[in-house]
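Colleague: Using only what follows, build the 3D model:
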Amino acid sequence: MFIDRFAAASGEAVCRLPLGDPWEVAEEHFYPWNTIDIVPDSPVRLPLVGYGSLMNRSSARRTLSEQSVSSARPVLVMGARRVYEYVMSPRGRQIYGEQEAEGRFGVLNARSSNDSNDWFNGIQYELDAVDIMALVERESAYDLLPAWTIPWDAKDSAPQIGYFLSCRTESHEGRQLLDSQLLPHPNYHAICEEGCRDVSSDFLKAFRRSTWVREARVSDVAETLACDATTPPPASQL
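Modeller: Modelled structure (predicted):
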């Protein structure tokens, strides 16, 4: 597998690196994850890349320890695609607010891709066993998948393995989980963008370019999405 490196804000490939597939060197973990399998020893931590509301550190603090939040660093995830297709849960709608417009309950999902041109940016946290158990409660029916990552601010660094959450099942406990025709929930989307903006304007541009909704890049429909956003609740509650 060849991995492209990007001038991420513009999406231009700047070089190509030959790398093995990530699952050749790291295991997938299926929901609900076995914490002992993931972090068998207490010093071991899981490098998890948040690519949605977890990019917002105020929101991340609702679930993760302060030590884990302090480990946050921006990265690029290679060989994977981020897309609005996860159906917001009833609890999520209580928090983010009901939407009158049909189909505006989209939450981000990510999938491994065979296309080396696919990538997305996110915030990587180093999680311990307690964080992982808390995350199981927050993120229903997501598997943990390995991927190659590189630091956002040091793109010449050697790629490392990180993990991201991926929902690959259509339903869970009688609730529909995936719908490719969903549009982003505006308040959820605003929280994601706020987290990116806290890193830099280029990081926000990269988020919009590497996020897909109904087969279009968010960067191509950003103005339309912004028109429907209301004032979201504080990120610490989300």
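
Colleague: for the lengthiest helix in the chain, packing partners?
Modeller: Using DSSP state H to define each element, the chain has its longest helix at helix 186-199. Identification of packing neighbours for helix 186-199 by 3 or more Cβ pairs under 8 Å, 6 or more residues apart in numbering; DSSP states H and E yields helix 57-60, helix 90-96, strand 106-112, strand 119-127, helix 201-209. C-beta here means a position set from N, CA and C on the backbone, and glycine is covered the same way.

Colleague: Out of these, which gets the lowest mean score?
Modeller: If you rank those by mean pLDDT, helix 90-96 sits at the bottom with a mean of 72.

Colleague: Please save the CA atoms from that one in PDB.
Modeller: Once non-C-alpha atoms are left out, helix 90-96 reads as follows in PDB (Å, rounded to 0.1, in the frame of the first residue of the first chain):
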ATOM      1  CA  PRO A  90     -32.100   9.700  20.800                       C
ATOM      2  CA  ARG A  91     -29.800  10.800  23.700                       C
ATOM      3  CA  GLY A  92     -27.700  12.800  21.300                       C
ATOM      4  CA  ARG A  93     -30.800  14.600  20.000                       C
ATOM      5  CA  GLN A  94     -31.700  15.600  23.600                       C
ATOM      6  CA  ILE A  95     -28.300  17.100  24.000                       C
ATOM      7  CA  TYR A  96     -27.700  18.700  20.600                       C
END
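
Colleague: avg pLDDT for stretch 176-185?
Modeller: Stretch 176-185 comes out at a mean pLDDT of 93.

Colleague: roughly how far apart are the spatially most central residue of the chain and residue 105?
Modeller: Geometric centre of the chain, nearest residue: residue 51, 2.0 Å, by Cα atoms, centre = their mean. Look at residue 51 and residue 105: by Cβ to Cβ, to the nearest Å, they are 18 Å apart.

Colleague: Thank you, goodbye.
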